[in-house]
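> quick one, structure for this:
(chains A and B)
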Amino acid sequence: MLAIIDYQAGNQTSVHRALDHLGLESVITDNPETLHQANGLIFPGVGAAGQAMGILKNRRLDLVIAELIKAGRPFLGICLGCQIMLEFSEENQTQTLGILPGHNIRFAEGQLDEDGRPIRIPHMGWNTVNLVSPTALWNGLSPEDQFYFVHSYHPVPGPGLTLGLTRHGLEFASVFGREGLWALQFHPEKSGRPGLRILSNFHRYCLEAARAK
Amino acid sequence: MLSKRIIPCLDVRNGLLTKGIKFQDNLDLGDPVEAARRYYEEGADEIVFYDITASAEDRGIFLGVVEKVAEAIFIPFSVGGGLSSVKQMRDVLLAGAEKVSLNSAAVKNPDLIAQGAAAFGSQAVVLGLDAKKVPSSDRCPSGYEVVINGGRTPTGLDALNWAQKAQELGAGEICLNSIDADGTLDGYEINLTSMISSKVTIPVIASGGAGRPEHLYQALTDGGASAALIASIVHYDQYRIKDLKDYLQERKLQVRQI
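Numbers count the residues shown, from 1 in each chain, chains lettered A, B, ... in the order given. Down below sits the predicted model:
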């Protein structure tokens, strides 16, 4: 069973529906016991960093998450969830979870895209990911696959953590972390077939990790 | 690099499509959920639903449709039509839509955009802007006036000023519909699209007038639009979404192929 961490951050139900569609069992919860029992954790999120951190702390979920990651539980952060895994966000000048080193900054206005036009902010729509380090999450995917992004801030993870790059004016880390602790800036639950494949790859990884214990 | 988006638009009344969608394999779709599934599978990048009547009674039925769509497709979709309060926006988003489109209600109460952006984030708030060509005047220097109620009611607002104000208030995107071009199949209003898209930094979806693939190309290049809204051009099987994307890709535009 996978647990989707419930902190009223918008898209928990979308992730749940996608897993349902794949026939994979999941539960949306903020109950520490249920989170401890799950084979893997999905940390979604839509909205603003400041508000999200407030709710996490209020429910003491920041502590539960830290504990489970320390114990090596597989973890997948999505969009705002991925940004909050770093130490700091320019959005609302927020101290975030600090699971991984790095911070989040706003896309700078006036940068040009490859067609010579100024980039639009938010970065909204379908874009590719240039995988720079192989990961089990990408099993069965091809470099042409595109994913749905929607964000105005982007992650800048610490050295050695970038797994995939996406270009919107500049190139930014759209996938980072390490095996078993992944952060995705895009929405796999809204990225059609390749996005669903990532969710099923994560599920498989969690099952194998649980069996290996 | 970001792909140009192709977005089919479905009009819903009492939980059914206002006009059936007819495909060559004799499939006549009246169910918005089935139509959404079809377009999802054919490579739509996003889908827009407009609730045409939006009476209180109708809204309950429509929310049921939104929930079923959310279970059937795994791409973003937005919902518009008569939304006039934060509560109504929340209902639609909780039912599974990614974005809400505000139109007439935002003209009457611009603060609704700011309230929506504060509650759900700018990415969830689309301004639906219907514009009509008028002689350029002090009141409407851009030569385009905002109209509401499906184009029947002029507002006195200048389309460009309103677009910029909506961006300031926190809209994350503008769906820009030309009332003059809408339904003509003669092409998007490129002057309008280009003027607005060059003066805002948020993405602009061109809407109204798509009848041939080159119309999409014009809107996405000369018009500067990030996305093209389509309806009749695909609803009656004249073109498949794949045909449109192939056409754009052959002309070096970045699209998403599935």
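> quick one, strands of the chain?
I went with chain A, as the question did not name one. Assigned by DSSP state E, chain A shows strands spanning A:2-5, A:26-29, A:40-43, A:75-78, A:88-89, A:94-95, A:102-106, A:123-128, A:130-131, A:146-151, A:153-157, A:162-168, A:170-178, A:181-184.
> please go with chain B instead
Per DSSP E, chain B carries strands over the ranges B:5-13, B:16-17, B:21-22, B:28-29, B:47-51, B:77-80, B:99-102, B:125-133, B:144-148, B:153-158, B:173-178, B:204-207, B:227-230.
> which of these sits most buried?
Counting by mean count of other C-beta atoms under 10 Å in any protein chain shown, strand B:204-207 has the highest mean neighbour count of those, with a mean of 30. Bear in mind the C-beta positions are built from the backbone N, C-alpha and C, glycine included.
> adjacent strands (with direction) for it?
strand B:173-178 (parallel), strand B:227-230 (parallel) (DSSP bridges).
> export the ones you listed to a markdown table and tack on distance to residue B:19?
Output for the strands paired with strand B:204-207, formatted as a markdown table (distance: least, C-beta to C-beta, whole Å):
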| stretch | distance to residue B:19 |
| --- | --- |
| strand B:173-178 | 18 |
| strand B:227-230 | 14 |
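> reformat the ones you listed as TSV; add distance to residue A:127 and mean pLDDT.
Converted to TSV, the strands paired with strand B:204-207 look like this (distance: least, C-beta to C-beta, whole Å; pLDDT from 0 to 100):
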stretch	distance to residue A:127	mean pLDDT
strand B:173-178	16	97
strand B:227-230	13	98
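> among those strands, which comes closest to residue B:152?
Residue B:152 lies closest, by C-beta to C-beta, to one member of those: strand B:173-178, at 13.8 Å.
> confidence score at the residue nearest to the spatial centre of chain A?
Nearest to the geometric centre of chain A sits residue A:78, at 2.3 Å (C-alpha atoms, centre = their mean). Per-residue pLDDT puts residue A:78 at 95.
> and for the nearest residue to it once chain neighbours are set aside, the neighbour number?
Leaving aside its chain neighbours, residue A:78 sits nearest to residue A:44 (4.7 Å; criterion: C-beta to C-beta, 6 or more residues apart in numbering or on different chains). Residues contacting residue A:44 under the criterion other C-beta atoms under 10 Å in any protein chain shown number 27.
> what sits against residue A:44?
Contact analysis of residue A:44 by C-beta atoms under 8 Å, 6 or more residues apart in numbering or on different chains lists A:4-5, A:9-12, A:14-15, A:78-81, A:189.
> from residue A:58, how far off is residue B:49?
35 Å (C-beta to C-beta, to the nearest Å).
> er, residue A:50 I mean
From residue A:50 across to residue A:58, the span is 13 Å (C-beta to C-beta).
> more neighbours, these two?
Using other C-beta under 10 Å, the more surrounded residue of residue A:50 and residue A:58 is residue A:50, with 14 against 10.
> the more buried one touches residue A:90, doesn't it?
No - contact criterion C-beta atoms under 8 Å: residue A:50 and residue A:90 do not qualify, at 10.8 Å.
> neighbours of the nearest residue to residue B:125 once chain neighbours are set aside, how many?
Once flanking residues are discounted, residue B:125 sits nearest to residue B:116: 4.3 Å by C-beta to C-beta, 6+ apart. Applying other C-beta under 10 Å, we find 28 residues neighbouring residue B:116.
> so where's chain B uncertain?
Within chain B, the ranges that satisfy pLDDT under 70 run B:20, B:23-27, B:54-57.
> could you do chain A as well?
Scanning chain A with the threshold set as pLDDT under 70 gives A:9-10.
> would you tell me which helix is longest in it?
The residue-count maximum for a helix in chain A (DSSP state H) belongs to helix A:192-212.
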